[in-house]
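Pasting a predicted model and its sequence here:
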There are 2 protein chains.
Amino acid sequence: MTTIDPDRLTCPAPVADTERVLLGHGSGGRMSADLLASVVTRELGEPGPLEDAALVGGDLVVSTDGFVVTPRFFPGGDIGSLAVHGTVNDLAMRGARPIALTLAYILEEGLPLSELRAITASVAAAARACGVRVVTGDTKVVSHGAADGCYLTTTGIGKLLPDAAPSASGGKPGDVVLLSGPIGAHGTAILSVREGLEFDSDIRSDSQPLHGLVAAMIDAGGPEVHALRDPTRGGLASALNELAEASEVTVEIAEADIPVPVPVASACELLGLDPLHVANEGCLVAFVAPDAADAVLAAMRDHPAGRAARAIGVLRPGGGPAPVVARTLVGSTRIVDLLIGEQLPRIC
Amino acid sequence: MTTIDPDRLTCPAPVADTERVLLGHGSGGRMSADLLASVVTRELGEPGPLEDAALVGGDLVVSTDGFVVTPRFFPGGDIGSLAVHGTVNDLAMRGARPIALTLAYILEEGLPLSELRAITASVAAAARACGVRVVTGDTKVVSHGAADGCYLTTTGIGKLLPDAAPSASGGKPGDVVLLSGPIGAHGTAILSVREGLEFDSDIRSDSQPLHGLVAAMIDAGGPEVHALRDPTRGGLASALNELAEASEVTVEIAEADIPVPVPVASACELLGLDPLHVANEGCLVAFVAPDAADAVLAAMRDHPAGRAARAIGVLRPGGGPAPVVARTLVGSTRIVDLLIGEQLPRIC
């Protein structure tokens, strides 16, 4: 009798894969949301999705993020500055200014100490520029082959700004949708230096801290700034879909108003990517009450991180054909969906 | 002419390795301390070592820890419960009770979802048992071969207990050294299930939360509880050395008073390990003022996590031949040194 080990059978579309972690589960799109809902928040006993940053007793905000970007050094930043900016920005999106950071390394045996030094110096410089200190940390080393060089996890503790009340569920029909700057630079900058995908054009990541911009917006609009989100993994499309679903509204944007730099647009065309799905690390999208929108937009344009800010759409009542729709350049309307699986693995 | 690429030259003891991350840098011993001092705290611009948990503005304590233990499931726990206990305990060692946890996953493509479910359920159960909630998190996925299944990074936020003032530098000559329970179980339990090292004996990890025990100790001794440390990576020897150096005292312990369970002692003998260097995840060592030591010890013994607590030594003025010395069973004295390199990789 012959016994067959089912684990050794393969077929082009293995059924078993639906029961394994796939790269797409890290995309920040639909598969990520499904994994969180079906495994993580479910097992944690949470009724709904956890926000990127959580309120803890009173005016404290906490956020945590892992960073696995490859390559670790890229035009416009590196894994160290990215980790600080990403975490500071998650706090800012809840209306908080950072007061402390923690830093946990997972290092692969064999990583040159010069790289560890450069990454740590970059963390320190970025933290200093944000006016925040790394207060504690942890270092783990795994054997060669059990990691890819260096992974970082940063946690930020922040304090809510006075009058700040942004929340993913805060959007209301009539709100104006503001975008702080051009999209698509981070994802295409990373791709531009990945092996075999080098472009001639000089695209730099937009990685930058946004807490100062948010403080200026809250100063101008206070609680009228209803929702904030930085469109990282999954891009602007995913950020808008998440906010629309949480706020139970329809987001209507005008494609013509979405600023995509020419080199980014060219790179996306070459690679078959939709700029709306490409990761950003230095811009934000906001839902602001119509009465306050002009003042908030003016405040954004007065801030170095928001010089190119503009209105890109409005919120309509929910229950339409899709959470996010775009008026196209030719006057029709298209659905702007969440990214499904993985477009660009290890983008942050 | 022949050109030689120096990166392709190898020799039995490559000099370049002193400029690379080695497994020993993750040991929790001397090499870890050196890496932190020469790279991490130096680049961060910190004057001295960062504590495992940091005070943030007033009565808030924050701690972060990465977990890379292999295997992920072991007798007495798994990577999920270990992450919660480790983080809760780091907070407790600063005299804080946990109020919130964050959880960041780094997942390897291909990890069975059933494992992710089991690990997350274990995080949830351990957090619930500690009376704390996971408030936010993050999930990254890396391709097959770029991680080993699943790594977790947990951050804990805690509130200082009233009257609590333990600090690594708080020990004073005359203080009594208290140990809450037997040592060596976690490290030997992990080893017992590593490939090729299976023992017959049934050793379970001591992984457990210690915040309740610490609360009972602080209730009994208040600020007379001068220093607390959980002897994880690097074992009791490293914990005592770190506290002795920070407090500028000499720790004198009696070998006969260190409780090592018989199966642990046998396993250590077989493997050539010193139980003083083996990791623990459910006990603590404390420096307590002599006047309060009896009351604190009694409170420990009244708590389920400290039933086997005992005094194991005293603090002498610093400046002796070594930070930690042990009176041996035959009446002589030996130096108890920090672990140098790596004894047991990926123990937590």
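Received the coordinates, thanks.

got the buried residues for stretch A:158-167?
A:158, A:159, A:160, A:161, A:164, A:165, A:166, A:167 (16 or more other Cβ atoms under 10 Å in any protein chain shown). Yep, even glycine has a C-beta here, placed from its N, CA and C like the rest.

For those, give me TSV that also has secondary structure.
Putting the buried residues of stretch A:158-167 into TSV (DSSP: H, G, I helix; E, B strand; the rest coil) gives the following:
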residue	secondary structure
A:158	strand
A:159	strand
A:160	strand
A:161	coil
A:164	coil
A:165	coil
A:166	coil
A:167	coil
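
could you show me where the strands are in the stretch 1-150 of chain A, in order?
For the stretch 1-150 of chain A, the strands defined by DSSP state E, counting those that start in this stretch occupy A:53-56, A:60-67, A:73-74, A:77-78, A:96-108, A:134-142, A:150-160.

Relative to residue B:258, which of these is closest?
strand A:134-142 (26.9 Å; Cβ to Cβ).

so where's the stretch 101-250 of chain A shaky on pLDDT?
Residue ranges of the stretch 101-250 of chain A with pLDDT under 70: A:195-201.

How about the residues of it by chain B?
Within reach of chain B by Cβ under 8 Å from any Cβ of the partner chain, the stretch 101-250 of chain A has these residues: A:102-114, A:116-117, A:120-121, A:123-124, A:128, A:134-143, A:145-148, A:151, A:153, A:155, A:157.

Tell me the buried residues within those.
The buried subset of these - by 16+ other Cβ under 10 Å - is A:102-109, A:111, A:113, A:116-117, A:120-121, A:123-124, A:134-143, A:146-148, A:151, A:153, A:155, A:157.

element containing residue A:221?
helix A:211-221 (DSSP states H and E).

Which elements pack onto that helix?
helix A:79-92, strand A:96-108, strand A:225-229, strand A:285-288, helix A:290-301 (3 or more Cβ pairs under 8 Å, 6 or more residues apart in numbering or on different chains; DSSP states H and E).

So what angle separates the directions of it and helix A:79-92?
With axes from the mean of the first three to the mean of the last three Cα atoms, to 10 degrees defining the directions, helix A:211-221 sits at 20 degrees from helix A:79-92.

Please name the residues that touch residue A:176.
For residue A:176, the contact set (Cβ atoms under 8 Å, 6 or more residues apart in numbering or on different chains) comprises A:287, A:288, A:289, A:290, A:293, A:297, A:311, A:313, A:314, A:315.

Please verify my assumption that the second one contacts residue A:175.
Yes. With contacts defined as Cβ atoms under 8 Å, residue A:288 counts as touching residue A:175 at a distance of 6.0 Å.

how much space is there between whichever residue of the stretch 101-250 of chain A sits closest to chain B and residue A:106?
Taking Cβ to the nearest Cβ, chain B has its nearest neighbour within the stretch 101-250 of chain A at residue A:141, 3.0 Å off. The gap separating residue A:141 from residue A:106 is 8 Å, by Cβ to Cβ, to the nearest Å.

On the strand side of things, show who the closest residue in space to residue A:139 that isn't next to it in sequence bridges to.
Distances taken as Cβ to Cβ, 6 or more residues apart in numbering or on different chains place residue A:105 nearest to residue A:139, at 4.7 Å, with adjacent residues excluded. Under the criterion DSSP bridges, residue A:105 forms beta bridges with residue A:139, residue A:152.

Now do the same contact list for residue A:105.
Residue A:105 is in contact with A:116, A:137, A:138, A:139, A:140, A:150, A:151, A:152, B:40, B:66, counting by Cβ under 8 Å, 6+ apart.

returning to that earlier point: what comes into contact with the helix holding residue A:221?
A:88-89, A:91-93, A:95-98, A:130, A:161, A:163-164, A:180, A:225, A:228, A:284, A:286, A:288-289, A:292-293, A:295-296, A:298-300, A:302-306.

Can you select the buried ones from those residues in PyMOL?
In PyMOL syntax, the buried subset of the contacts of helix A:211-221 is picked out as below (16+ other Cβ under 10 Å):
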select buried, chain A and resi 88+89+91+92+93+95+96+97+98+130+161+164+180+225+228+284+286+288+289+292+293+295+296+299+300+303+305+306
